[in-house]
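Asks: this one's sequence-less:
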């Protein structure tokens, strides 16, 4: 008979030969009975150092080896094939080379998985997991492996919800598992029960613990926590003790000596079944309508024979006609073509249906992102799966195939994911595409859809909108071929609403800092034509700005709204300094931007990949070109003496300043942008600047300046009166525009003085040159030298006889 209560205790990210925290956590195990588990990264390793279990792990956690059931982490594989891991743990780690196995502990079934090998749907490990769960229909189930699906600490690509481990969660959730334990991030984090997609579900959701606190090191939480994160700590090594009971469990985080953080609680098991068998399933609303490209949320409810609502477990959604409407795993229906489709929801073999009518619309859908495909990544597939459910035209915002946009990378990295939507894609080119000479991989893959390969810019109409794809790697300054083509293209368009796409943002809070200033000429041409939206990538994040001019001034009436959507699948990056007028930012979720383009406005919605919760949505009207508004004159003045330098700082909200007219209040004028002027006399003058913009509108500004004559040096002068060897000096210096404030006398015999009227007695008769230097109150100096002759005092004769 199984015991009513057993203990499971452990952590991950444990031992290193150059640290002591693994000994401190091992000391906790010394006093805790039960089965010890490890959650991977059991010993520190690197590309140059294989994990040393015998010398680093064994002296601490190794003293509990006989009662340990381990899991492998990514560091174990720094030893080829994780050889040192298998050699140390032997049969306790399962079949060598697999790393996944299961065992029963009391009334619980325990599953150990290996996130270091293929866990995709249909893989050997994933199929084994399904079979093992089916063969062990325990009321309570726990699984542990190394890399978590959910973590408030992002990985090195900025991702907090990892799609590639979702198949493990899907199988465990379908089987009614209670707990998942992971490590990898050197923190402690506890989540509320949730679905594999990250929706809170107290009834049958899986609770995840991250326990990367075994002693190897400590990470920190640097970004906003995920929605269902309940407890987080990054400062205390320790172990998680689970007390597994028949029908429930209790948890307790125990920190090492000297640390005070703790966490504890308890919860019941829920098993795989519902409180009662499902007898019927209903879908709400039972009928509905949606236009092409729009969505409708359906909800499925399971009931037993008595009509009581029950938990029916996982729901399988399906569309009876995917050409008309498609439905995703969350019951969101998207209209594809006009018609009617039956949508079904199935739980435990029982189904309910809803009828959805898809209506025609004049709106068009444009959906996509930039910075997309990497062969060693899975996030481009996650965003491609979003496109599978969204009709319309797909755009790319550049850097479509990493790292170099070669033909092979387009065929093997982009092709299998976003490439399945190639027939409806209108792309833009990025800097990584140009890592291959002439962006040959890009133009070769997309062909005519990418425009002329010599230019890389083109335009097309999409429903009621005009769309322009530009190339910020071709010359784009005012007067260049691209800028002139853009102005001509915009002038020829008959559409009220306009959207442009290129790669590098003009405005950004991301890693590219101040943005691509060279694109300002493109923005200005779009602004003058009344464009509404610019979509870019390059910075691997999502950011939405308020409508702005090309100079970065907020303009709610005529400004262009920029979306940075570098979230197509490449690794996400940090924000640096928040840019002015940035309204929304996120760098934790890959996803796509869906734009619904209507006759007189547009709606936007950022759709994250499965499991992520961030979203952003809104709408705005279209507008025509701005009516001409006058320029705003401004200038600065810097005066020294009678000369002033004037620097223009004028701006124009809807164009540019093209002419300047200065009036200096003394009859003089100038027409240069920045100028200088010398006045004839000191005084206060009113300076006027009138500027004219490129549409003939003017604006004037007045500023007063004060000028003074340049300081004139003082005139040094003095009188000398000598008697015998003694002289008295009288200063008679003057200053024409101030006063003398300092005197420096040199008496020609090495003597000196700084008083105004000094006296000096010479030792020897003779002629001496006296120099006086005077300084005025503005620092100017003047000097005067004068000769003085001194004689010895006559002495009386001495009589003698």
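Replies: Looks like it arrived, so ask away. In this text the structure is predicted, and so the values were computed from the model without any measurement. Numbers count the residues shown, from 1 in each chain.
Asks: wait, what's in contact with residue 635?
Replies: 646-650, 689, 701, 703 (CB atoms under 8 Å, 6 or more residues apart in numbering). Every residue, glycine included, has its C-beta placed from N, CA and C.
Asks: in strands, which of these appear?
Replies: If you go by DSSP state E, the contacts of residue 635 have 646-648, 689, 701, 703 in strands.
Asks: pLDDT value on residue 3, please?
Replies: Reading off the confidence values, residue 3 has pLDDT 54.
Asks: ok, now residue 640?
Replies: Reported pLDDT for residue 640: 89.
Asks: hang on, residue 382 in a helix?
Replies: Yes: applying DSSP: H, G, I helix; E, B strand; the rest coil, one finds residue 382 inside a helix.
Asks: once you drop chain neighbours, what's closest to it?
Replies: Nearest residue to residue 382, sequence neighbours excluded (CB to CB, 6 or more residues apart in numbering): residue 609, at 3.8 Å.
Asks: that neighbour: neighbour count?
Replies: Applying other CB atoms under 10 Å, we find 23 residues neighbouring residue 609.
Asks: surely it touches residue 378?
Replies: No: look at residue 609 against residue 378 with CB atoms under 8 Å: they stay out of range, at 9.7 Å.
Asks: coming back round to it: what is the lowest-pLDDT residue among the contacts of residue 635?
Replies: residue 701 (90).
Asks: and that residue, how many neighbours?
Replies: Counted with other CB under 10 Å, residues neighbouring residue 701 total 16.
Asks: try residue 12
Replies: 30.
Asks: my read: it touches residue 182, true?
Replies: Yes: Residue 12 sits in contact with residue 182 when judged by CB under 8 Å, with a separation of 7.3 Å.
Asks: list the residues that contact both of those two?
Replies: 39, 146, 211-212.
Asks: now intersect those residues with the helices, please.
Replies: Among those, none falls in helices (DSSP state H).
Asks: mind putting those residues into TSV with neighbour count and distance to residue 635?
Replies: Below are the shared contacts of residue 12 and residue 182 laid out as TSV (neighbours: other CB atoms under 10 Å; distance: CB to CB, whole Å):
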residue	neighbour count	distance to residue 635
39	31	66
146	28	64
211	25	64
212	31	60
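Asks: quick one: the strands in the stretch 401-550 of the chain?
Replies: 425-426, 458-462, 465-469, 497-501, 533-536, 542-545 (DSSP state E, counting those that start in this stretch).
Asks: so what does the first one touch, helix or strand wise?
Replies: So the one you mean is strand 425-426. Judged by 3 or more CB pairs under 8 Å, 6 or more residues apart in numbering; DSSP states H and E, the packing partners of strand 425-426 are strand 393-396.
Asks: now the spatially most central residue of the chain: closest residue in space that isn't a chain neighbour?
Replies: Residue closest to the mean C-alpha point of the chain, counted by CA atoms, centre = their mean, is residue 575 at 3.3 Å. Excluding its sequence neighbours, the residue lying closest to residue 575 (CB to CB, 6+ apart) is residue 509, at 4.7 Å.
Asks: got it, and residue 198?
Replies: Nearest non-adjacent residue to residue 198, counting by CB to CB, 6+ apart: residue 611, 4.5 Å away.
Asks: now the strands of the stretch 401-550 of the chain in CSV, with distance to residue 151?
Replies: Output for those, formatted as CSV (distance: least, CB to CB, whole Å):
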stretch, distance to residue 151
strand 425-426, 33
strand 458-462, 39
strand 465-469, 37
strand 497-501, 33
strand 533-536, 29
strand 542-545, 19
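Asks: re the thing from before, list residues touching both of residue 609 and residue 378?
Replies: What both residue 609 and residue 378 touch, as defined by CB under 8 Å, 6+ apart, is the set residue 163.
Asks: mind listing the helices for the stretch 551-700 of the chain?
Replies: With DSSP state H, counting those that start in this stretch as the criterion, the stretch 551-700 of the chain has no helices.
Asks: what helices or strands is the helix or strand of the chain with the lowest mean pLDDT leaning on?
Replies: The least trusted helix or strand in the chain, going by mean pLDDT, DSSP states H and E, turns out to be strand 309-310, with a mean of 80. Judged by 3+ CB pairs under 8 Å, 6+ apart, strand 309-310 is in contact with strand 299-303.
Asks: buried sites along the strand it packs on?
Replies: Buried residues in strand 299-303, counted by 16 or more other CB atoms under 10 Å: 300-303.
Asks: equivalent analysis for stretch 667-685, please.
Replies: Here stretch 667-685 shows 670, 673, 675, 677, 679, 685 as buried, counting by 16+ other CB under 10 Å.
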